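J.: Sequence and predicted structure, then a few things I'm wondering about:
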Amino acid sequence: MKRGWVWNQFFVLEEYMGSEPQYVGKLHSDMDHGQNAVKYTLSGEGAGSIFTIDQLTGDIHALVGLDREEHSFYTLKAQAVDI
């Protein structure tokens, strides 16, 4: 069953040099009631290499520092699958 959801733009600190992946945001589906019944995935430019998502929580992190002069934006597609 298709579900509607709003995925606002996320913003990431430019040239972040911390030792931990940078928290970007969280996806949430109305089908997710906290019982790990939804699996979240990302696809598109940088999915898996630059951006990662926790499949159970929907938390998105940037794995590397980003530079606006090199690449000004990324377009990602999210999917929430009822498991």
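T.: Sure, I can see it. Numbers count the residues shown, from 1 in each chain.

J.: In this protein, which residue is most central in space?
T.: Centroid-nearest residue in the chain, with Cα atoms, centre = their mean: residue 60, separated by 3.4 Å.

J.: ok, the residue nearest to that one when sequence neighbours are not counted - contacts?
T.: Excluding its sequence neighbours, the residue lying closest to residue 60 (Cβ to Cβ, 6 or more residues apart in numbering) is residue 24, at 4.3 Å. No exception for glycine: its C-beta is placed from N, CA and C like everyone else's. Contacts of residue 24 were listed using Cβ atoms under 8 Å, 6 or more residues apart in numbering, and they are 10, 12, 51, 60, 61, 62.

J.: Show me the contact partners of the helix or strand where the residue nearest to the centre of the chain lies.
T.: Following DSSP states H and E, one finds residue 60 within strand 59-62. Strand 59-62 has contacts (Cβ under 8 Å, 6+ apart) with 10, 12, 16, 21-27, 42, 50-53.

J.: Tell me the first helix or strand C-terminal of that strand.
T.: Sequence order places strand 76-82 as the next helix or strand after strand 59-62, per DSSP H and E.
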